[in-house]
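>>> need a structure here:
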Amino acid sequence: MTQRVLLGAALACLWAALCRAEVQFVEASAEAGIAFRHQNGAKGQKYPMETMGSGTAFFDYDGDGWLDLYFVNSVGPSALYHNATVGQFADATDHAGVANSGYGLGCAAADYDSDGDLDLYITAYGPNILYRNEGTGQFADVTDQAGVAGPTLVNPAMSTGAAFADYDLDGDLDFFVANYAKFRPEIHEPCLRSGIAVYCGPEAFEPQRDVFYRNEGDATFADVTDQAGLLPDAAKELGAFFIDYDADGDLDLYAAGDRTPNLLYRNDGGRFAEIGALAGVAYNDAGKPLAGMGVDVGDYDGDGRFDFFVTNYQWETNSLYRNLGNGFFADVTFQSGLGVPSLQFLAWGTLFIDYDNDGNRDLFVANGHLDDNIHLFDAVTYEQQNQLFRNQEGRFADVSNQAGPGLLLQQVSRGAAMGDYDNDGDLDISVANNNQPAALLRNDGGNAQHYLSLRLIGNSVGAEVRVAAGDWVRWDVVRAGSSYMCQSALRPFFGLGDRTRVDEVEIRWPSGAVQRLQDVAANQILTVHEP
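Residues are numbered from 1 along each chain as shown. The predicted model follows:
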């Protein structure tokens, strides 16, 4: 009996040690000084924008090497939290002058005026807002001067995702604004399901054309939507990103459509051609348009090509599109293990995140229903658990229940952004919840394996970074805008597993410059200046 007890105790200790070795996400917002709560202002009319927000951004607005955090609000002030260099945040909203977001929905951050600091763009129902970073810890609203407010109040749009890139390779950042639909509250009526008032689906609304802004180089933008080749009223877009998917040297544009085809705009020398259906990323493998919400891009299978991931509605699957390298993609959702686990969830924000530093891109998905009364007519809940999928050599396993208390929360999540806010060598997650407090998921244990992060100084948006150690090679890309109306840190991040050095870091800047660094040590945030 004594031997059996001792054996049982030993096994229990071993199991506890193994559990401690696993990465655990902990909800750390209160501990870190984050006290933001999103407010949607809903009063029962079921206005569609009430259930859509909101976004969040990790960005180092003061250039001190520590990631700050912004939350978009819809009714009430937005919030900017300054990271006080120890992973502790202080509310800097009033000092920075960025409390106003209108009826805010999303955000993106980039240095549009090339002055060395990150500016902030807010998408909204009604006029959008461009905040120029003055370099003093304060921002100025330059929306009118820059000409980027979007559709007028006569026929306001619900602008959702935004993404920056130098699409014409002239050295400054242009940007795309995804618009969802035209909406007039004075004529709106809720939809009914089993006699119960619910939020209407996308079919109930007339689409609002997306907008493409070209940077004129003088602190203003020109609306070049027609000249750039964007389709008129093609879809109801939400998440968007830029990526050179075909490796031809210019940045292409991908946007998720809600019950309309996802759009892939191939950049043909400064003018776009929409080829989503031809390339295989407009529909699922059954040829059906899904309720595209959030998007992200990453090389999940380590073949040097960037793959796409799109989140969708409940009883649909999310979609993983594998880049085949010949201009085409294949829907590998079920083959990769991501199909069945996503069926009962309504998914929004998403991240290709190497949360355990093993060198493989895992996936995080933010979930939450849009109807607060969904339990009355469907077998799902309003508040839902977010999901984490571990990449096991190209197949994904749902590890949500083993990844710590932060992944066990049941919330109404929308936007998600990633960044190493405490500079401890693993990626943390900011989650914006609808009409609820935000969540800051601190990664505890991801840094048990090695990493390399890069802080690129220069015109870095769109830069591709390759790290190589022997025959082991991984890629990342700097993207301003992605997920669901969010901004992740503009720092390429690589989990290295047990590798303590890499043989080479190669940076392909949007300018065309190629920079190579040899024999680089792991476990650092490496600052690199554009040549």
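>>> surely residue 377 and residue 193 touch.
Yes: with contact defined as Cβ atoms under 8 Å, residue 377 counts as touching residue 193 (5.5 Å). Glycine gets a C-beta too; all of them are placed from N, C-alpha and C.
>>> ok, residue 503 to residue 302 distance?
For residue 503, the distance to residue 302 equals 16 Å [Cβ to Cβ, to the nearest Å].
>>> so, low pLDDT: which residues of the stretch 351-500 of the chain?
Counting by pLDDT under 70, the stretch 351-500 of the chain contains no low-confidence range.
>>> ugh, typo on my part, it should be the chain
Scanning the chain for pLDDT under 70 picks out the ranges 1-21, 152-155.
>>> let's see 50
Along the chain, segments meeting pLDDT under 50 span 1-21.
>>> for the stretch 101-250 of the chain, which segments count as strands?
Counting by DSSP state E, counting those that start in this stretch, one finds strands in the stretch 101-250 of the chain at the ranges 103-110, 119-125, 129-133, 139-141, 157-165, 174-182, 191-193, 196-198, 211-215, 221-223, 237-243.
>>> a markdown table for the ones you listed, including distance to residue 307?
A markdown table is the format used below for those (distance: least, Cβ to Cβ, whole Å):
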| stretch | distance to residue 307 |
| --- | --- |
| strand 103-110 | 22 |
| strand 119-125 | 26 |
| strand 129-133 | 31 |
| strand 139-141 | 35 |
| strand 157-165 | 18 |
| strand 174-182 | 20 |
| strand 191-193 | 35 |
| strand 196-198 | 34 |
| strand 211-215 | 25 |
| strand 221-223 | 31 |
| strand 237-243 | 10 |
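>>> indicate which one of the ones you listed is closest to residue 94.
The closest approach between residue 94 and any of the strands of the stretch 101-250 of the chain, judged by Cβ to Cβ, belongs to strand 139-141 at 11.5 Å.
>>> was I right to think residue 443 contacts residue 426?
Yes: between residue 443 and residue 426 there is a contact at 4.2 Å, judged by Cβ under 8 Å.
>>> show me what contacts the nearest residue to residue 524 once chain neighbours are set aside?
Nearest non-adjacent residue to residue 524, counting by Cβ to Cβ, 6 or more residues apart in numbering: residue 452, 6.7 Å away. Counting by Cβ atoms under 8 Å, 6 or more residues apart in numbering, residue 452 touches 467, 493-494, 496, 502, 505, 520, 522-524, 526.
>>> so which of the strands of the stretch 101-250 of the chain is nearest residue 530?
Residue 530 sits nearest to strand 103-110 of all those, at 14.8 Å, using Cβ to Cβ.
>>> all the strands of the stretch 301-450 of the chain, residue numbers only.
307-310, 319-323, 329-331, 347-353, 362-367, 384-385, 387-392, 395-398, 410-411, 413-419, 428-433, 439-444, 450-457.
>>> now these as JSON lines including distance to residue 120?
JSON lines is the format used below for the strands of the stretch 301-450 of the chain (distance: least, Cβ to Cβ, whole Å):
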{"stretch": "strand 307-310", "distance to residue 120": "25"}
{"stretch": "strand 319-323", "distance to residue 120": "30"}
{"stretch": "strand 329-331", "distance to residue 120": "32"}
{"stretch": "strand 347-353", "distance to residue 120": "18"}
{"stretch": "strand 362-367", "distance to residue 120": "21"}
{"stretch": "strand 384-385", "distance to residue 120": "29"}
{"stretch": "strand 387-392", "distance to residue 120": "28"}
{"stretch": "strand 395-398", "distance to residue 120": "33"}
{"stretch": "strand 410-411", "distance to residue 120": "25"}
{"stretch": "strand 413-419", "distance to residue 120": "13"}
{"stretch": "strand 428-433", "distance to residue 120": "15"}
{"stretch": "strand 439-444", "distance to residue 120": "19"}
{"stretch": "strand 450-457", "distance to residue 120": "19"}
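>>> the closest residue in space to residue 429 that isn't next to it in sequence pairs with what?
Nearest residue to residue 429, sequence neighbours excluded (Cβ to Cβ, 6+ apart): residue 441, at 4.2 Å. According to DSSP bridges, the residues that bridge with residue 441 are residue 27, residue 429.
>>> what about stretch 136-153, distance to the chain center?
Per Cα atoms, centre = their mean, to the nearest Å, the displacement of stretch 136-153 from the mean C-alpha position of its chain is 23 Å.
>>> what are the contacting residues of that stretch?
So stretch 136-153 is contacted by 61-62, 82, 92, 95-98, 100, 119-121, 123, 126-134, 157, 159, 177, 179, 208, 211, 213, 219-223 (Cβ under 8 Å, 6+ apart).
>>> show me what counts as buried in that stretch.
For stretch 136-153, burial by neighbour count (16 or more other Cβ atoms under 10 Å) applies to 139, 142-143, 146-151.
>>> now, these that are in helices?
Mapping these onto helices (DSSP state H) picks out 143, 146.
>>> what's the closest of the buried residues of stretch 136-153 to residue 279?
Of the buried residues of stretch 136-153, the one sitting nearest to residue 279 (Cβ to Cβ) turns out to be residue 150, at 28.2 Å.
>>> and the residue nearest to that closest one when sequence neighbours are not counted, how many neighbours does it have?
Leaving aside its sequence neighbours, residue 150 sits nearest to residue 128 (Cβ to Cβ, 6+ apart; 4.6 Å). As a burial measure, residue 128 scores 26 neighbours (other Cβ atoms under 10 Å).
>>> from residue 72, how far off is residue 128?
11 Å.
>>> who touches both of these two?
By Cβ under 8 Å, 6+ apart, the residues touching both residue 128 and residue 72 are residue 122.
>>> ok, and the closest non-adjacent residue to residue 179?
The spatially closest residue to residue 179, leaving aside those adjacent along the chain, is residue 208, at 4.0 Å (Cβ to Cβ, 6+ apart).
>>> correct me if wrong: the one you found contacts residue 178.
No: contact criterion Cβ under 8 Å: residue 208 and residue 178 do not qualify, at 9.6 Å.
>>> state the distance from the residue nearest to residue 179 to residue 136.
From residue 208 across to residue 136, the span is 36 Å (Cβ to Cβ).
>>> surely residue 285 and residue 335 touch.
No: the criterion here is Cβ under 8 Å, and residue 285 misses it with residue 335 at 9.7 Å.
>>> buried only: go through the contacts of stretch 136-153 for me.
Counted by 16+ other Cβ under 10 Å, those give 61-62, 82, 92, 96-98, 119-121, 123, 126-133, 157, 159, 177, 179, 208, 211, 213, 221 as buried.
>>> doesn't residue 213 make contact with residue 168?
No: Residue 168 is beyond contact range of residue 213, at 11.6 Å (criterion: Cβ under 8 Å).
>>> what is in contact with the two at once?
When contacts are counted by Cβ under 8 Å, 6+ apart, residue 168 and residue 213 are jointly contacted by residue 174.
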